[in-house]
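1. show me the folded form of this:
(one chain, ligands or ions: 2)
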Amino acid sequence: MSKDLLDYHDALNTLLQTHQPMVRSETLPLAQLHGRILAEDLPVRLDVPNFDNSAMDGYAICGADHSSWQVVQRIAAGDSAQGPALQPGQAARIFTGAPIPAGAQAVLMQEHVTHDASQGAIALAPGQAIRPGQHIRRRAEELQAGATLLSHGARLNPATIGLLAIQGYAQAPVLAPLRVTVFSSGNELVQPGQPLQPGQIYDSNRVMLLSWLQALGFAAIDGGALPDALAATREALQRAAQRSDAILCSGGVSVGEEDHLKRALEQVGTLVQWRLFIKPGKPFTWGHIARSAQGGMDEDAPPCRVFMLPGNPVSSLVTFQQLALPALRRLSGLDAQRARPLQWQARANFNRSKPEARREFVRVRLEPGPQGWQATPLAQQGSNMLSGAAFANALAETAPGAQIAHGDALTVYPLFDTLFDIL
Ligand SMILES: Nc1nc2c(c(=O)[nH]1)N[C@H]1C(S)=C(S)[C@@H](COP(=O)(O)OP(=O)(O)OC[C@H]3O[C@@H](n4cnc5c(N)ncnc54)[C@H](O)[C@@H]3O)O[C@H]1N2
Ligand code: MOO
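-> Ligands and ions are numbered 1, 2, ... in the order given. This is a model prediction of the structure:
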């Protein structure tokens with residue numbers, strides 16, 4: 001392996017070790033909490049249920065050894081159970097969710113009694129038995145005040161939001177989404193919708209990255225397209241660093257005279273790593289830019305992290321998913337293990353006799369086969385050919401110099417994985 005080109009796994013491990021959660025929190029109302037990560041432990045405030053109550057519509061009875069009872073009270077959901085205690089042989093008409101009156105030992109479902117309206121009495125229907133405590137939901141049987149309701153780091157979903165409401169929380173502290181400014185770079189780039197002049201191409205990386213980040217819950221900021229000019233690039237990076245937690249840019253990190261991104265980073269911040277021994281994505285670069293107090297940030301604000309993706313669209317896609325995104329997830333508060341790309345095993349549905357020197361991420365279609373999942377490469381494998389990734393659903397990793405035979409075990413990484421959503 002080339003001396004100064006880092007291996008993918010070393011790069012990923014280094015990124016995960018050197019990017020720590022940037023914890024800023026904000027308090028949001030319940031309806032806005034879905035998908036957010038809780039910033040603090042929240043205690044159980046109220047016993048659940050908060051009072052003994054009926055699980056059925058029917059009759060709360062005193063005296064389980066009786067066979068009939070005089071109905072002396074009526075208690076609906078929302079009523080308080082402040083009436084006199086039931087005496088043996090007495091019952092209260094009761095409804096689901098209504099508080100159990102003092103003295104009651106069980107609730108009989110209304111289908112299991114006969115009702116004599118003229119006498120104001122009920123009797124147990126033939127064949128029915130009474131189990132003491134039946135159909136009574138006891139105070140605190142589900143949750144006990146003082147216990148931990150939800151822990152710091154929990155991702156909130158509709159059920160946990162409902163649980164907060166059950167506890168009377170109107171809002172909750174959650175981690176603020178990481179602010180990521182996305183730039184593209186290159187004089188050849190034109191926004192989709194505008195006319196193309198000779199030599200120009202449409203900018204696809206920026207919208208690809210912005211929409212991907214948004215779908216994952218990041219606060220994605222569109223920084224626009226940078227011209228191939230060092231001073232303008234330097235100023236744009238410096239400005240963006242003051243208002244973002246991270247910068248993601250694509251293009252301009254190779255060795256051409258018009259590749260200004262790396263140099264601009266060296267001038268306004270620190271370039272930590274340039275080039276990995278991977279295909280595609282060799283010029284992948286990362287570093288950071290200090291944030292000043294004048295920028296509106298705290299004096300001890302951590303530096304803005306910078307990820308520079310190679311401009312070829314597939315190189316951008318692969319290095320984003322396999323390297324920049326794990327680092328961004330880590331900055332967002334996920335632990336290092338959860339921040340890693342989702343991976344599993346599949347069998348090669350191809351042969352490759354001519355080894356590739358670099359570790360490669362082949363765009364494949366993963367499908368179930370007779371021996372489990374099998375990975376079939378797309379025809380369009382050029383790092384400029386986004387269609388190859390668009391019709392793939394995973395990246396298959398091949399080791400440096402490896403020959404691949406049909407049926408070999410491969411590590412595969414689902415594209416656009418939903419790991420972030422299911423944690
Ligand atoms: N002499 C060498 N040339 C190149 C090397 C090398 O080692 N020596 N590495 C090649 C590799 S590998 C890659 S990957 C590219 C990466 O180059 P840059 O990151 O500097 O990217 P650009 O030169 O700006 O662009 C490359 C390619 O991608 C197109 N592009 C750029 N941005 C976008 C965008 N936002 N949307 C769509 N397409 C974009 C651009 O037009 C170029 O065709 O360098 C190789 N060269
Ligand atoms: O690294 Mo480049 O991404 O091979 O095309």
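
2. for the rest of this, base every contact and every neighbour count on C-alpha atoms.
-> Noted.

3. pLDDT at the residue of the stretch 1-150 of the chain found nearest ligand 2, what is it?
-> Nearest to ligand 2 in the stretch 1-150 of the chain, going by C-alpha to the nearest ligand atom, is Leu5, at a distance of 11.6 Å. For Leu5, the model assigns a pLDDT of 92.

4. burial of it, as a residue count?
-> 17 (other C-alpha atoms under 10 Å).

5. how much space separates it from Thr398?
-> In this structure, Leu5 and Thr398 are 17 Å apart, going by C-alpha to C-alpha, to the nearest Å.

6. go on, Gln371?
-> 19 Å.

7. tell me where the stretch 301-423 of the chain has helices.
-> 313-319, 325-331, 336-339, 386-390, 419-422 (DSSP state H, counting those that start in this stretch).

8. a markdown table please, covering the ones you listed and showing mean neighbour count and distance to ligand 2.
-> As requested, the helices of the stretch 301-423 of the chain are exported to a markdown table (neighbours: other C-alpha atoms under 10 Å; distance: least, C-alpha to the nearest ligand atom, whole Å):
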| stretch | mean neighbour count | distance to ligand 2 |
| --- | --- | --- |
| helix 313-319 | 26 | 4 |
| helix 325-331 | 25 | 17 |
| helix 336-339 | 16 | 23 |
| helix 386-390 | 19 | 12 |
| helix 419-422 | 13 | 25 |
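
9. could you find the closest non-adjacent residue to Ala106?
-> Once flanking residues are discounted, Ala106 sits nearest to Gly133: 4.6 Å by C-alpha to C-alpha, 6 or more residues apart in numbering.

10. tell me the SS of the one you found?
-> Look at Gly133: counting by DSSP: H, G, I helix; E, B strand; the rest coil, its state is coil.

11. compare Gln371 and Thr398 (neighbour count), which wins?
-> Counting neighbours by other C-alpha under 10 Å for Gln371 and for Thr398 shows that Thr398 has the greater number, 23 against 9.

12. can you tell me which residues contact the residue nearest to Ala290 when sequence neighbours are not counted?
-> Excluding its sequence neighbours, the residue lying closest to Ala290 (C-alpha to C-alpha, 6+ apart) is Pro303, at 4.4 Å. Counting by C-alpha atoms under 8 Å, 6 or more residues apart in numbering, Pro303 makes contact with Ala241, Asp245, His288, Ile289, Ala290, Arg291.

13. number of residues surrounding the first one?
-> Each residue near Ala241 was counted by other C-alpha under 10 Å, and the total is 26.

14. so it belongs to a helix, correct?
-> Yes: Ala241 forms part of a helix when assessed by three-state DSSP.

15. and it, what does it touch?
-> Ile247, Ile289, Ala290, Arg291, Pro303, Cys304.

16. how about the strands in the stretch 301-423 of the chain?
-> Here the stretch 301-423 of the chain has its strands, by DSSP state E, counting those that start in this stretch, at 304-309, 344-348, 359-369, 372-377, 394-398, 409-414.

17. cool, the stretch 101-250 of the chain as well?
-> Applying DSSP E, counting those that start in this stretch to the stretch 101-250 of the chain gives strands spanning 106-109, 113-116, 121-124, 136-137, 148-150, 171-175, 179-185, 189-190, 201-202, 219-226, 246-250.

18. can you tell me which helices and strands the third one packs against?
-> Taking 3 or more C-alpha pairs under 8 Å, 6 or more residues apart in numbering; DSSP states H and E as contact, the helices and strands that strand 121-124 lies on are strand 68-75, strand 113-116.

19. anything in stretch 387-396 near ligand 1?
-> No: using C-alpha under 6 Å from any ligand atom, stretch 387-396 never reaches ligand 1; the gap is at least 12.4 Å.

20. which other residues reach that stretch?
-> Here stretch 387-396 makes contact (C-alpha under 8 Å, 6+ apart) with 314, 360-366, 375, 377-382, 410-416.

21. and for stretch 139-148?
-> Outside of stretch 139-148, the residues within contact range by C-alpha under 8 Å, 6+ apart are 41-53.

22. picking that back up, weed out the non-buried ones from the contacts of stretch 387-396.
-> Among the contacts of stretch 387-396, those buried by neighbour count (16 or more other C-alpha atoms under 10 Å) are 314, 360-366, 375, 377-378, 381-382, 410-416.
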